[in-house]
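J.: Sequence unavailable; structure follows:
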Ligand SMILES: NC(=O)c1ccc[n+]([C@@H]2O[C@H](COP(=O)([O-])OP(=O)(O)OC[C@H]3O[C@@H](n4cnc5c(N)ncnc54)[C@H](OP(=O)(O)O)[C@@H]3O)[C@@H](O)[C@H]2O)c1
Ligand SMILES: NC(=O)c1ccc[n+]([C@@H]2O[C@H](COP(=O)([O-])OP(=O)(O)OC[C@H]3O[C@@H](n4cnc5c(N)ncnc54)[C@H](OP(=O)(O)O)[C@@H]3O)[C@@H](O)[C@H]2O)c1
């Protein structure tokens, strides 16, 4: 680690492993923010590595993970959650003493479990999750502003040295993110309701629509502007990433899905029995939550999300 | 009715009843498109009428519905679905012979049932539903471009004279909309899956999130960018409008919700038993639907819907 947060340089040599949407955005944000010296990149896919060179995302593109992490004081794993353990095992013997290891996985409990056994003495692990994304994947999808004004959640272990946590915090703040810390278990519960169950529901309704006999697929597509369209965007998210999320955050997802289903039974009953007052009351309450999200700056109030100007 | 479609003027005197998001947008689009001569407006709310005057949405703002529709060759009811029958009853005795009556209600079967008994001889009814909207309501939310490149579905009755249907079609095409026709029952089924169930699901998950004890409301709001945010936009839609939709399209909504729940049980089981291949297969299929929607121009592919530029 180089200087203290605020003074500019946070890490001398940053290694990004996995140059998809998030990894490429980390590299671009790091380059723009000036918080790191050299940027080293490694991806398991030769095609991605070639593209990283073409896009100029890093100073050095290494051919192996071992080579990539050597001499780096910070390594960020930006691979799917299911691959993080294997990558940690692969790089562990090559990590520099004093290095800070981090990741960007959307699940934290399973990642901590998968990485901890491989952690060499003298290497700190500070798990992170930037709550930001789009439905696109791959290195071309990355952009430097992705994390601006978005939250990045750190779930440091008790063993994580304070200086390591401060370094990771400073790096993400340099990307324009706001940083919060919590336990891995609490993170997984919060994200189950704010992200994982919404994705599951979106995948499900788009799947249901695709299998109807009474309404054709082309009708679904034509008339999607009535609300369905927003679900399709979420349901277009990367299949590998989301498979790994559901395989690795099962308990919290099933718990939150259970709550959702209980509430949906009550709502179904209101529709069946024509309970207009009950419907109106719920619909009024939910409107207030939207207002709060706009108020704290996590969304624009512009009609149509500015779609008209896109 | 004035001239044939294409020649410019479609109706001489248009009356818009209900100047909320849709009614105000109809008035603005009609003014911009030049398809009508005089625009007359009426709203049950005195405050809305005053605002309509301030915004200059119409040439004449009438104090009663009877006065408003007198002498108009086209009347569009832009009030909530549950109010359309009562408004039809109120204006019926005052409709000009030969006038064409229409509406913009999000449900069509119940609207046809509610309006038909009041229809005077010599007045044609051509129900319409522009599949376009935002989560905002009221006259200030209206804008002329709302219907551009969106579908407007007409559900004409057998009794609707061809010329009346052609007139309504020409008017909406003049607003920039693409027009399709189908039966009211089929409309209600298509919209149940593309719009009504998605709204119900969005209202439900936002409601569930608001009632958790393990995750606070402020955490839900802070970390909404993970996917939840898109649901809150949908769940911020007008409570009166949506109560009326669910009260008036009960059968189709319950039918589609039943399908959704069957599929969700299967998906829940995949998560519970860690069926990664099953999850991956579904997630890959749903991605293709999104691609089709972008391909037919009902959405932009821009990352984040251009939110970054908003
Ligand atoms: N997308 C989001 O919205 C979002 C938001 C926050 C956090 N995250 C997290 O960010 C991580 C990456 O997601 P992403 O959206 O950036 O995915 P992505 O665009 O699919 O990129 C992942 C990259 O990692 C590579 N990779 C896979 N296994 C590897 C291995 N063993 N060694 C080296 N590289 C490997 C992949 O190569 P191949 O193409 O050859 O597989 C791919 O280039 C995930 O853990 C995800 O949970 C995602
Ligand atoms: N919003 C959408 O996304 C969307 C899309 C397509 C179609 N639609 C349909 O469009 C219609 C209007 O929706 P909207 O979003 O424009 O709603 P809105 O913004 O709430 O506007 C409805 C207006 O109608 C007025 N109104 C209510 N009852 C009336 C009556 N008996 N006589 C005269 N005026 C009356 C309301 O006045 P008060 O404020 O005093 O109640 C309000 O100004 C609904 O049938 C809806 O299903 C909506």
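T.: Thanks, I have it. The model shown is predicted, which means the values in this text are computed figures rather than measured ones. Ligands and ions are numbered 1, 2, ... in the order given.
J.: buried sites along the strand or helix carrying residue A:91?
T.: Counting by DSSP states H and E, the element that carries residue A:91 is helix A:84-91. Of the residues in helix A:84-91, those buried by neighbour count under the rule 16 or more other C-beta atoms under 10 Å in any protein chain shown are A:84-85, A:87-88, A:90-91. From N, CA and C alone the C-beta is placed, and that goes for glycine too.
J.: again with stretch A:196-211
T.: Neighbour counts over stretch A:196-211 (16+ other C-beta under 10 Å) mark A:196-210 as buried.
J.: swap in stretch A:53-66?
T.: Judged by neighbour count using 16+ other C-beta under 10 Å, the buried positions of stretch A:53-66 are A:57-58, A:61-62, A:65.
J.: Work out the gap between the lengthiest helix in chain A and the centre of the chain.
T.: Scanning chain A for the longest helix, with DSSP state H as the assignment, gives helix A:250-272. The gap between where helix A:250-272 is centred and where its chain is centred comes out at 25 Å by C-alpha atoms, centre = their mean, to the nearest Å.
J.: Stretch A:207-226 now?
T.: Between the mean C-alpha point of stretch A:207-226 and the mean C-alpha point of its chain there is a distance of 29 Å (C-alpha atoms, centre = their mean).
J.: Model confidence for residue A:303, exactly?
T.: With respect to pLDDT, residue A:303 has a value of 45.
J.: Check the buried residues of stretch A:196-211 against residue A:265 and report the nearest one.
T.: If you rank those by distance to residue A:265 using C-beta to C-beta, residue A:201 comes first, at 14.9 Å.
J.: re earlier: any bit of the longest helix of chain A sitting next to ligand 1?
T.: No. With C-beta under 6 Å from any ligand atom as the threshold, helix A:250-272 lies outside contact range of ligand 1, at a closest distance of 13.8 Å.
J.: what packs against that helix?
T.: Using 3 or more C-beta pairs under 8 Å, 6 or more residues apart in numbering or on different chains; DSSP states H and E, the elements in contact with helix A:250-272 are helix A:184-191, helix A:197-210, helix A:276-295, helix B:197-210, helix B:250-272.
J.: So for residue B:169, which of the ones you listed sits nearest?
T.: Distance to residue B:169, taken as C-beta to C-beta, is lowest for helix B:250-272 among the helices and strands packed on helix A:250-272, at 24.6 Å.
J.: could you give the angle of that closest one to helix A:197-210?
T.: 120 degrees (axes from the mean of the first three to the mean of the last three C-alpha atoms, to 10 degrees).
J.: buried set for helix B:250-272?
T.: B:250, B:252-253, B:255-257, B:259-260, B:263-264, B:267-268, B:270-271.
J.: Please work out which residue of chain A is closest to ligand 2.
T.: Of the residues in chain A, the one nearest ligand 2 is residue A:226, at a distance of 7.3 Å by C-beta to the nearest ligand atom.
J.: so what's that residue closest to, chain neighbours aside?
T.: residue B:195 (3.0 Å; C-beta to C-beta, 6 or more residues apart in numbering or on different chains).
J.: Can you pull the phi/psi pair for that neighbour?
T.: In this entry, residue B:195 is assigned phi and psi values of phi -140, psi -50 (degrees, to the nearest 10).
J.: which residues touch it?
T.: Contact analysis of residue B:195 by C-beta atoms under 8 Å, 6 or more residues apart in numbering or on different chains lists A:223, A:226-228, B:106, B:131.
J.: Neighbours of residue A:43, how many?
T.: Other residues within reach of residue A:43 by the criterion other C-beta atoms under 10 Å in any protein chain shown amount to 25.
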